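> How does the following fold in three dimensions:
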Amino acid sequence: MRKSIATVSLSGTLQEKLDAIAAARFDGVEIFENDLLFYNGSPKDVRRQCADIGLAVDMFQPFRDFEGVSDAQFRRNLDRAERKFDVMQELGAPLMLVCSNVNADAFDDVERSAAQMFELAERAARRSIRIAFEALAWGAKINTYDKAYAVVEKANHPHLGLMLDSFHTLALPFDWSGIADLPGDRIFYVQIADAPRLGMNPLTLSRHFRNLPGQGDLDVPGFLRAVLKTGYAGTISLEIFNDDMRAAPPRQTALDGMRSLLFLEEEVRQIKTREGNAPRRSRVPLFDPPAAPKIAGFSFVEFTVDQEADRALSVFLEQMGFAKLGTHRTKQVTLYGQGDVRFVLNREPDSFAHSFMLVHGPSVCAFALKVDDAPAAIARAESYGCQRFESRVGANEKSIPAIRMPNGGLIYFTDEEAGRTAAFESDFVVEQTAEPVSHLKHIDHIAEALPEGQLDGWVLFYRAVLGLAPEEIFVLPDPYGLTRSKAVSNAERSLRLPLNISESRNTATARSVTTYAGAGVHHIAFATDDIFATVRALDKAGVPLLRIPANYYDDIAARFGIDDRFLDELRAHNVLYDRIGEGEFFHVFTQTFDDRFFFEACQRRGGYDQYGAANAPVRMAAQAQARERDA
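Presented below is the predicted three-dimensional model:
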C-alpha cells in the first residue's frame, strides 16, 4: 500500500522531519499547518524540497470548525478557506483535512452541515483541490464516522469525501463494523494510530498517548481490514501525538513508523488468511514477509569484556558452576557453559565486541537465538528495515548471520536441533568434555533496561522482527522512583524478554541505562528444577547472593499462609516467593557485577507464567541497600 506520515508525528524542524520521512522511504507526507507557519521559507520552497527528496505532498491539515455554524460565521469561514487554498496551491497539496466542529454551540443539523461542506467542496474544485471530512472523537455534534459520512453523502459532491482515522474510530465505545459497507470511492484518505486503553477521555488520550500501530491496545488491524473491504486502494498515513515521540530523534521515529505500517499490513494479511473464503474486495497488495521464526531459545549470550572484566566475570561464572568449555581457535574469545546455557566472553581487539565495549563498557553485546530457518529470519528482519551484520570470519570458521538491535547490539540466528552440539562451538578448542553437575538448566528470561521514551519502539521491534507478543505492563516501585516493566515473549515461552524503563534518574533501571550510556541487559535469569539445591550450591561456591530483609518473609507468611518450616527455608536462603492460583515462583538474585548487571535463578511450578513482579520492590530495595554498604 502507499504510505504517508503527518509531520506532526515527528520532532524537529520541518526540514529535519522531511529528511527523516524520505530516509524511511515513505511515499508522501501530510504537512501540518504549524510546521509550515514556523518554517523560514515559502510553501513553494517546501514543495521543491519534497520533490527533491522524492516525497509527494499528500495533504494539508487541519482546517477546523468549518461546518455547523451560523450563516455569518460560514461566510467568514469561506474567506479563511480561500486563503488556505492559496497556500495549498503553492504547496502542491491536492487534499485538505477538515475536522468536525468541536464548538459546543455548533448546530446539530445534517442539512446545514452538508450544504456548507458542499459549498467548500465547490470552491475547492475550482482549485483542483479535494476535501476530506473527518469526525473527531470529541466533535460537538459529529464524532463518529457514520455521522461524518451522512454529511458527505447528503452533500454529494465529487470533491468531498470521508477521512477515516483509526484512533477517532476505535477510541470510542462504538460499533464501527459498518465501515466495511461504505463505498470505497467515497473514502478519500485513511489515517492510522494506535493507543493504550487507559480509561481517560479521548481528547487527553489523543494529545499524549497516540502511538504507532502495534504499540497500543486498539484493534487497528481489524479497522484496516474493514477499510480494505470497501475497495479502498488509497494511502494509509500515520498521525501520531505522543509525548515520547515529540522528544525522540525524528529519523528513529520515521523508521519505526514505516516498520509499524508494514507490520500492520502483515497482520491484516493474517486476518484475511483466517477468514478463508470470506468475500474479498481489497484491491491492494499487502506486505508479505517471511514468517516469523520459530524460536527454541537462546543459543548463546555474548559479553564484551576487557582484560580486567574478563578475569572478574570468569571467576564469577565459575563460582556459579559454569565450566570453561573452550577457547576460540583464532580470537581472544572464551566459551563457558552449564546445562543448555552458553556464554561467550569476547575481548578480541578490532572487533564488533570491542567497539561496543568502548561505548558501553563490559556488557552483553549480543545474543543468539535458535531458530527453525536462520536465512528466513534474516530475510524477515531485513524486510522490516533491520541492518544485517557481517562479522570478520577466519579460515574454516562458522559464519553466523546477525542483525543489529535498536541499541546497536546484535541478534544472531542459529539453525540448531535439540540434542545436537551447537554449530558455533566447533570454532572453539575444547578444554573440557565433561561438565560438572548442572543446577542451571537454561535461560528463563533476559531483562533489558531502556532509556526513557524507548519502550514502545523496542516492543514494536520485537513484535515485527521476531513475532513476539507483548504481555501485561507492571508498574514497579523502586526506592527512588517508579519503573515500568513490559515483557515480550513467544507463544511457547522459549523466549522471554522483560523490558524495563524508568523516568526517575536514580532507580536501578535508570542506573543501568546511565552506566551503559543507553539500553542494555541488566539481568539474566536461569531456570532450575530445584531452587534450594541450586542456592545451596551457590552458597557453597561463595557466590555473592542478594540479602533479603527479614520483614519480607513475615509479609509473605501472612499473604500466602506459609508454614514456619517452609518459611524458614526461604528466609535462610534469601529465596523470594510468589503464587498466582496454583502456580508458584521461586527466585534468588546475585549481587550486581561491577554495578552493571546481575543474575537470577528461578523455578516455576504449577504453570506460573510471570516474573515475580510482586517481589521486584523488595529486590530493588535490597540492591539499593547493598550499594549503600559497598559505598
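
> just checking, D288 touches V268?
No: D288 sits out of contact with V268 when judged by C-beta atoms under 8 Å, with a separation of 10.9 Å. C-beta coordinates here come from the backbone N, C-alpha and C atoms, glycine included.

> Between those two, which has more neighbouring residues?
Comparing D288 with V268 by other C-beta atoms under 10 Å, the one with more neighbours is V268, at 24 against 10.

> Surely the more buried one is in contact with L286?
Yes: taking C-beta under 8 Å as the definition, V268 is a contact partner of L286 at 5.9 Å.

> For the chain, which residues score under the pLDDT cut-off?
Counting by pLDDT under 70, the chain shows low-confidence ranges at 277-282, 393-397, 417-422, 432-437, 631.

> For I53, grab the count of nearby residues.
I53 has 12 neighbours, counted by other C-beta under 10 Å.

> contacting residues around it?
I53 sits next to 18-19, 22 when contact means C-beta atoms under 8 Å, 6 or more residues apart in numbering.

> Nearest to Y145 among those?
Y145 has its nearest neighbour among the contacts of I53 in L18, at 30.2 Å by C-beta to C-beta.

> From V46, how far out is M88?
Separation of M88 from V46 (C-beta to C-beta, to the nearest Å) stands at 11 Å.

> Let me see the ranges of the strands in the stretch 201-350 of the chain.
Assigned by DSSP state E, counting those that start in this stretch, the stretch 201-350 of the chain shows strands spanning 236-238, 295-304, 323-328, 333-338, 341-346.

> mind checking how far the residue lying closest to L224 once chain neighbours are set aside is from E30?
Nearest non-adjacent residue to L224, counting by C-beta to C-beta, 6 or more residues apart in numbering: V268, 5.2 Å away. Look at V268 and E30: by C-beta to C-beta, they are 22 Å apart.

> how much space between E584 and F532?
E584 sits at a distance of 13 Å from F532 (criterion: C-beta to C-beta).

> cool, and L182?
For L182, the distance to F532 (C-beta to C-beta) stands at 63 Å.

> Looking at those two, which is more packed in?
For L182 versus F532, the count of surrounding residues by other C-beta under 10 Å is larger for L182: 22 against 16.

> Dihedrals phi and psi, the closest residue to G184 other than its chain neighbours?
Closest residue in space to G184, ignoring its immediate chain neighbours: G231 at 3.3 Å, by C-beta to C-beta, 6+ apart. For G231, the backbone dihedrals (degrees, to the nearest 10) come out as phi 100, psi 0.

> I'd assumed L182 was in contact with G231.
No: using C-beta under 8 Å, G231 is not in contact with L182, being 9.2 Å away.

> mind giving me the domain split of the chain?
Using automatic domain parsing, the domains assigned to the chain come out as 3-275, 295-430, 442-630.

> gap between the two ends of the first one?
With C-alpha to C-alpha, to the nearest Å applied, domain 3-275 spans 25 Å between its terminal residues.

> Let the chain start at 34 from now.
Let's use 34 as the start, then, which means that last one is domain 36-308.

> what's the closest of the strands of the stretch 234-383 of the chain to R145?
strand 269-271 (29.6 Å).

> Report all helices and strands that the closest one contacts.
When contacts are defined as 3 or more C-beta pairs under 8 Å, 6 or more residues apart in numbering; DSSP states H and E, strand 269-271 sits against strand 36-39, strand 220-225, helix 283-308.

> can you count the residues close to T306?
Number of residues near T306 (other C-beta under 10 Å) recorded here: 8.

> how near is it to V185?
Separation of T306 from V185 (C-beta to C-beta) stands at 33 Å.

> Tell me, how many residues neighbour I269?
Residues contacting I269 under the criterion other C-beta under 10 Å number 24.

> got it, and Q643?
So Q643, with other C-beta under 10 Å, has 17 neighbours.

> Kindly report the same for the one 4 residues further on.
Residues within reach of A647, counting by other C-beta under 10 Å, total 18.

> Find the nearest non-adjacent residue to it, please.
In space, and not counting its chain neighbours, A647 is closest to D611: 5.3 Å by C-beta to C-beta, 6+ apart.

> That neighbour touches E617, doesn't it?
Yes: using C-beta under 8 Å, D611 is in contact with E617, at 7.3 Å.

> okay, and the common contacts of these two?
Taking C-beta under 8 Å, 6+ apart as the contact rule, D611 and E617 both touch Y641.

> Of these two, which one has the most company?
With neighbours defined as other C-beta under 10 Å, D611 and E617 compare such that D611 has more, 19 against 16.

> Now do the contacts for that one.
617-618, 641, 643, 645-648.

> Now do the helices in the stretch 534-664 of the chain.
541-549, 564-573, 583-593, 597-605, 649-663 (DSSP state H, counting those that start in this stretch).

> packing partners for the second one?
With contacts defined as 3+ C-beta pairs under 8 Å, 6+ apart, the packing partners of helix 564-573 are strand 616-622, strand 631-638.

> which one of those strands lies closest to I220?
Minimum separation from I220 across those (C-beta to C-beta) falls at strand 616-622, 47.7 Å.

> For that closest one, buried residues please.
617-622 (16 or more other C-beta atoms under 10 Å).

> and if you look at stretch 49-66?
Buried residues in stretch 49-66 (16+ other C-beta under 10 Å): 50-55, 57, 59-66.

> In helices, which of those residues appear?
Residues of these located in helices (DSSP state H): 50-55, 66.

> Just give me the closest of these to K36.
Closest approach between those and K36, by C-beta to C-beta: I54, at 10.0 Å.

> got a list of what the closest one touches?
By C-beta under 8 Å, 6+ apart, the contact set of I54 is 38, 40, 43, 62, 88, 287.

> The fifth one touches G61, doesn't it?
Yes: judged on C-beta under 8 Å, L88 makes contact with G61 at a distance of 6.1 Å.

> quick one on the thing from earlier: of the ones in helices among the buried residues of stretch 49-66, which is the nearest to R660?
Set against R660, the nearest of those by C-beta to C-beta is A53 (39.8 Å).

> so who does the closest one touch?
The contact partners of A53, by C-beta under 8 Å, 6+ apart, come to 43, 45, 283-284, 286-287.

> go on, V392?
V392 sits next to 441, 550-551 when contact means C-beta under 8 Å, 6+ apart.
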